[in-house]
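*Asks:* Would you be able to build a 3D model of this:
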Amino acid sequence: MRRIRLGSAAVAACLALLLAACGGGGNDALEGGSQQNGGSTVTVGSTNFPEQLILAQMYAAVLEKAGVKVDTRLNLGAREVVFPALEKGDIDLLPEYNGSVLSFLDPKATQTTSDEVNSALAPLLDAKGLVALDESPAEDKDGWAVTKETADKYGLAKISDLKGKAGQLVVGGPPELKTRPAGLPGLKKVYGIEDFKEFKALDAGGPLTTSALNKGDIDVGRVFTTQGAIAANNWVLLEEDKPLEPAQNVVPIGRKDAMTDQVKQALNAISAKITTEELTKLNKLVDVDKEDPEKVANDWLTQQGLL
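*Replies:* Here you go, the predicted model:
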């Protein structure tokens, strides 16, 4: 029987800070990866937005079908919390995005294509005892969305249209948007877009951002390009007319000591079948239609002959 544990960004972040202050120890609520239990269990983690929950449930389900003992630690927070947990061995596996991980590990990285990103990423992961399995063709990039009314009022169709207008607009997104290379610093560096009128710390394309955008509490929202909410709310996704982000293929990243041939085969089967179009449809079922991520994941796996 799989153990499912749901966390929150706030709880995980507090735990991480507390442990850092205390020097770690055996009471870490995130502990439980293969390093802590003799390698008999693969602990699947996730960050804190619907797509991650769907992918993590897929990973857990196919591993269980393959006879692997599985634990899940879901909705733990942003990459800044979850990736260190993977490095420490508190979790063994994450659904990730190759370009984002490269930027996280090497903020000065300039690679853009999938092949370039993967080549640069592999040694960085290896040095931490981690490995990326097969990437999928599915890509989910960070995007910038506005309502149709805002787009019409300010003449916004592409990201570069924000230049000279950002000072009149309120932008919202996750707190880390202020420091990530593809966030506000990237807009300034690549597009010359200076400070917005105000920044509101919300979530990563989740219900807080959706509500704020639709209510007019923010003018520009940070979203994910595979979100079903974009079409459902008739938002305008601003075109990335200058390269701001590297490739963002969905890829399982795990601890090398937990990635047995059995685990690799099961996870690579998902990567071979999931596409951007499929992922967008699945996201809509969860973030718009409010279906359960585990059910959505299992239904898709069954349709694909993987369960």
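*Asks:* how much space between residue 267 and residue 52?
*Replies:* Distance from residue 267 to residue 52, counting by CB to CB, to the nearest Å: 15 Å. No exception for glycine: its C-beta is placed from N, CA and C like everyone else's.
*Asks:* from memory residue 133 sits against residue 249, does it?
*Replies:* No. Residue 133 lies out of contact with residue 249 (CB atoms under 8 Å); the separation is 11.4 Å.
*Asks:* Of those two, which one has the most company?
*Replies:* residue 249 (22 against 19; other CB atoms under 10 Å).
*Asks:* Which residue, neighbours along the chain excluded, lies closest to the more buried one?
*Replies:* Nearest non-adjacent residue to residue 249, counting by CB to CB, 6 or more residues apart in numbering: residue 135, 4.1 Å away.
*Asks:* go on, residue 212?
*Replies:* Of all residues beyond its chain neighbours, the one nearest residue 212 is residue 218 (4.5 Å), with distances taken as CB to CB, 6+ apart.
*Asks:* residues contacting the one you found?
*Replies:* Residues in contact with residue 218 (CB atoms under 8 Å, 6 or more residues apart in numbering) are 170-172, 200, 202, 209, 212.
*Asks:* can you pull out the helices in the chain?
*Replies:* For the chain, helices defined by DSSP state H occupy the ranges 9-22, 50-65, 79-88, 98-105, 114-126, 148-154, 184-191, 207-215, 229-232, 261-271, 276-287, 293-303.
*Asks:* Can you list the helices and strands that the second one packs against?
*Replies:* When you say that, I think you mean helix 50-65. For helix 50-65, the packing partners by 3 or more CB pairs under 8 Å, 6 or more residues apart in numbering; DSSP states H and E come out as strand 41-45, strand 69-74, strand 93-97, helix 261-271, helix 276-287, helix 293-303.
*Asks:* Just list the residues touching residue 92, thanks.
*Replies:* 33-34, 42-45, 86, 254-255, 258.
*Asks:* ok, those residues vs residue 188, which is closest?
*Replies:* residue 86 (30.2 Å; CB to CB).
*Asks:* Just give me the neighbour total for the nearest residue to the closest one once chain neighbours are set aside.
*Replies:* Counting by CB to CB, 6+ apart, residue 94 is the residue found nearest to residue 86 once chain neighbours are left out, at 5.6 Å. A count of nearby residues for residue 94, using other CB under 10 Å, gives 27.
*Asks:* shouldn't residue 94 be in contact with residue 83?
*Replies:* Yes. Between residue 94 and residue 83 there is a contact under CB under 8 Å: 7.3 Å.
*Asks:* List the contacts of the nearest residue to residue 137 once chain neighbours are set aside.
*Replies:* Once flanking residues are discounted, residue 137 sits nearest to residue 275: 5.4 Å by CB to CB, 6+ apart. Residues in contact with residue 275 (CB under 8 Å, 6+ apart) are 136-138.
*Asks:* Residue 188 versus residue 275, what's the distance?
*Replies:* From residue 275 over to residue 188 (counting by CB to CB), the distance is 33 Å.
*Asks:* do residue 62 as well
*Replies:* Residue 62 is 42 Å from residue 188, by CB to CB.
*Asks:* And the pLDDT at the residue of the chain positioned farthest from its centre?
*Replies:* The C-alpha centroid of the chain is most remote from residue 153, which lies 31.4 Å away (CA atoms, centre = their mean). On the pLDDT scale, residue 153 is placed at 98.
*Asks:* list the contacts for it?
*Replies:* Taking CB under 8 Å, 6+ apart as the definition, residue 153 has no contacts.
*Asks:* any low-confidence regions in the chain?
*Replies:* 1-39 (pLDDT under 70).
*Asks:* Got the domain ranges for it?
*Replies:* 3-139+248-303, 142-237 (automatic domain parsing).
*Asks:* Surely residue 178 touches residue 199?
*Replies:* Yes. Residue 178 is in contact with residue 199 according to CB under 8 Å; the separation is 6.4 Å.
*Asks:* Can you pull the residues that touch both of the two?
*Replies:* By CB under 8 Å, 6+ apart, the residues touching both residue 178 and residue 199 are residue 184.
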